[in-house]
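# Output the structure for:
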Amino acid sequence: LDNAANDVNTIASDTGTVSFADVDDLTVGVVTIPDSQTPATPQGVPVAGMTQTGDLKLVADTLTVGQALLTQGDTSLSADEIDLAASVAGSGSLTLQQKTDGLDIHLGGSDDPEVTGPNDPLVLSDADLANIQDGFDKVAIGNDKTRNITVDDEGATFKDDLALVANGVLDLLGDLMLKDPEGTDEDGTTGKGLTLSVDAGKGATQATGATLTADELALRGEGDFNLGNGGHDVSVIAADVGSLKFAGNGNLTVGVVDGTVGITSDEAVTLKTDHDLTLVKGITIENGPRDDASQGQTRADDIITLEVAGKTTQAGDAGAKLDASGLVLLGGNYALGNSGNVIGDIASEAGKVQFNNSGDLKVGTLTATHADGTQTTVTGVNNTGDVSIGTQGNLAINEGLATAGNVFLNVTGKTTQDGNGNITADGLA
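I've put the predicted structure just below:
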């Protein structure tokens, strides 16, 4: 029943699959079966809410769920105003999206938030989100015609895997938390056990202190994902983005999330954590659309910066390699022994560092981009622990290589040293 000219005030059902479009306002409510009055039921037999054994799709200008909605298949609700005033439950996916292309979506807070922009957004308030029951395979909000998605400064909480999709920006004004109330996701994963995937064409911004909480995080889009202004509670991250700045508050793994493998970026990548970092999958900076070769722009200024207070470890397979023009290591200890790493320049201010490379390598001067967006210059190697550098090409020590421990060099090609490339260490081998 998808004729957009349908004009029904109230809908109810107890059936298989339902697809219904309405011309204006539509309410999921109570409808009395015609001619159902009996002495026992003088008011007639009511059908309250919507119960489906299959899928449900509703489209309207304004959609109000005034009675409980239960779907065994997938549920899709499309409207420019959605009011979830009753329980919404199901075991498939739940999609909530605007009807009009180019509309914003606002998550959390009140029914009438203070907003800026060219239009009134689709608002899914705290009260709306509270009526979304635990048990969906995934909750998907927005689509590729959504402009921006904003998380209210009061935050927003979801109980299942969440996918946010927008053509514009994800604007994180408050905390976005994914936490299953049962402590276990439907796939049996313990802990938070939930996956957040963000497809935002123009990237993401973060207010200071606003954080993401999810077990796994996938970021996709051609824009800049600036998520370094607060420590996120995320265990596994993967990304395919324009650039990335990300700060975590616990152990962090670069892995596979929602089909995205490792971190691929067109511009600089910064990862920061106060704990340990594990590179199960790699980080690659490519020549992207913002690198105009005709103007002499390459990935030469696109640097990986790792700010890890604990220990960083790296898997040895090809899928875990670091591939960028430059690599800056800050903070703790680094065991980056993957011989497939492709790094041109290295600089560090860290503890103990082991690094292997597959081609020519230079100890040089690099600009570190910190998670909060500030930049500093890191010159050469200035470490507190042993430094081990291995490369299958040549090694050029163009800046100082200093450490309180020992220096070990394993170079297949030629090692050279210029006037600034002094080696200061307890021992050299």
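# what's the pLDDT at the nearest residue to residue 8 once chain neighbours are set aside?
Nearest residue to residue 8 in three dimensions, chain neighbours excluded: residue 22, at 5.7 Å (C-beta to C-beta, 6 or more residues apart in numbering). C-beta coordinates here come from the backbone N, C-alpha and C atoms, glycine included. Confidence at residue 22, expressed as pLDDT, is 94.
# Same question for residue 330.
Model confidence at residue 330 (pLDDT) stands at 98.
# so how far is residue 148 from the residue nearest to it when sequence neighbours are not counted?
In this structure, residue 330 finds its nearest non-sequential neighbour in residue 307, 4.7 Å apart by C-beta to C-beta, 6+ apart. Distance, residue 307 to residue 148, using C-beta to C-beta, to the nearest Å: 29 Å.
# ditto for residue 13
34 Å.
# So for these two, which sits in the more crowded spot?
Applying other C-beta atoms under 10 Å to residue 13 and residue 148 shows that residue 148 carries more neighbours, namely 22 against 17.
# residues contacting the more buried one?
By C-beta atoms under 8 Å, 6 or more residues apart in numbering, residue 148 lies in contact with 104-105, 117, 166, 168-171.
# out of those, which is most surrounded?
residue 170 (28 neighbours).
# quick one, phi psi at that residue?
Backbone geometry at residue 170, expressed as degrees, to the nearest 10, gives phi -90, psi 120.
# Contact partners for it?
So residue 170 contacts 148-151, 164, 198, 200, 203-205 (C-beta under 8 Å, 6+ apart).
# who does it bridge with?
Per DSSP bridges, the residues bridged to residue 170 are residue 149, residue 204.
# how close does it sit to residue 160?
Between residue 170 and residue 160 the distance is 18 Å, computed by C-beta to C-beta.
# Ok, residue 426 next?
The value you get for residue 426 to residue 160, if C-beta to C-beta is used, is 54 Å.
# Number of residues surrounding residue 55?
18.
# Give me the spatial nearest neighbour of it, chain neighbours excluded.
Using C-beta to C-beta, 6+ apart and skipping the chain neighbours, the partner closest in space to residue 55 is residue 73 (3.8 Å).
# Okay, buried residues for stretch 333-347 please.
Within stretch 333-347, the residues that count as buried by 16 or more other C-beta atoms under 10 Å are 333-336, 338, 340-347.
# mind checking the end-to-end distance for that stretch?
14 Å (C-alpha to C-alpha, to the nearest Å).
# repeat for stretch 375-393
30 Å.
# try stretch 378-396
So stretch 378-396: terminal residues 17 Å apart, C-alpha to C-alpha.
# For that stretch, buried residues please.
Residues 378, 380-392, 395-396 are the ones in stretch 378-396 that count as buried (16+ other C-beta under 10 Å).
# now swap in stretch 203-212 and tell me
203-206, 210-212.
# Of these, which is the nearest to residue 45?
Nearest to residue 45 among the buried residues of stretch 203-212: residue 212, at 47.5 Å, using C-beta to C-beta.
# from the buried residues of stretch 203-212, which two are the most distant?
Among the buried residues of stretch 203-212, 203 and 211 lie farthest apart (C-beta to C-beta), at 17.3 Å.
# sorry, back to before: who's more crowded, residue 426 and residue 160?
residue 160 (21 against 10).
# The helix or strand of the chain with the lowest mean pLDDT - contacts with which helices or strands?
Lowest mean confidence among the helices and strands of the chain (mean pLDDT, DSSP states H and E): strand 46-48, at a mean of 82. Strand 46-48 sits against strand 30-32, with contacts defined as 3 or more C-beta pairs under 8 Å, 6 or more residues apart in numbering; DSSP states H and E.
# Give the partner strands of the strand it packs on in its sheet and their orientations.
Here strand 30-32 has these sheet partners by DSSP bridges: strand 46-48 (antiparallel).
# Give me the buried stretch members for the partner strand, please.
residue 47.
# Please compute how far that strand lies from its chain's middle.
Chain-centre distance of strand 46-48: 41 Å, with C-alpha atoms, centre = their mean, to the nearest Å.
# Also stretch 94-108?
Distance, stretch centre to chain centre, for stretch 94-108: 19 Å (C-alpha atoms, centre = their mean).
# ok, now stretch 138-153?
So, by C-alpha atoms, centre = their mean, the centroid of stretch 138-153 is 13 Å from its chain's centroid.
# Use 42 as the first number for this chain going forward.
All right, first residue 42 from here; so that's stretch 179-194.
# Spatially nearest residue to residue 93 (excluding sequence neighbours)?
residue 112 is the one closest to residue 93 (C-beta to C-beta, 6+ apart), at 4.5 Å.
# now that neighbour, which residues is it bridged with?
residue 93, residue 131.
# From the contact counts, what lies against the longest strand anywhere in the chain?
In the chain, assigned by DSSP state E, the strand with the most residues is strand 253-289. Strand 253-289 sits against strand 217-219, strand 236-241, strand 244-247, strand 293-295, strand 297-298, strand 301-302, strand 304-306, strand 310-314, with contacts defined as 3+ C-beta pairs under 8 Å, 6+ apart.
# Take those and lay them out in TSV including distance to residue 357 and mean pLDDT.
Shown next, in TSV, are these (distance: least, C-beta to C-beta, whole Å; pLDDT from 0 to 100):
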stretch	distance to residue 357	mean pLDDT
strand 217-219	32	96
strand 236-241	27	98
strand 244-247	32	97
strand 293-295	15	97
strand 297-298	17	96
strand 301-302	17	97
strand 304-306	18	97
strand 310-314	20	97
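# Output the ones you listed in CSV; the columns should cover distance to residue 459.
Shown next, in CSV, are the helices and strands packed on strand 253-289 (distance: least, C-beta to C-beta, whole Å):
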stretch, distance to residue 459
strand 217-219, 49
strand 236-241, 45
strand 244-247, 39
strand 293-295, 34
strand 297-298, 42
strand 301-302, 39
strand 304-306, 31
strand 310-314, 29
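# Wait, the residue nearest to residue 49 touches residue 100, no?
Yes. Counting by C-beta atoms under 8 Å, residue 63 touches residue 100, with 6.9 Å between them.
# anything in contact with each of those two?
In contact with both residue 63 and residue 100: residue 45, using C-beta under 8 Å, 6+ apart.
# okay, these two: which has more neighbours?
Using other C-beta under 10 Å as the criterion, residue 63 and residue 100 rank with residue 63 on top: 23 against 20.
# which residues does residue 186 contact?
Applying C-beta under 8 Å, 6+ apart, the residues near residue 186 are 139, 142-143, 208.
# let's see it at 7 Å
Taking C-beta atoms under 7 Å, 6 or more residues apart in numbering as the contact definition, residue 186 lies against 142-143, 208.
# who wins for neighbours among those residues?
residue 208 (18 neighbours).
# Excluding chain neighbours, what is closest to residue 72?
residue 53 (4.2 Å).
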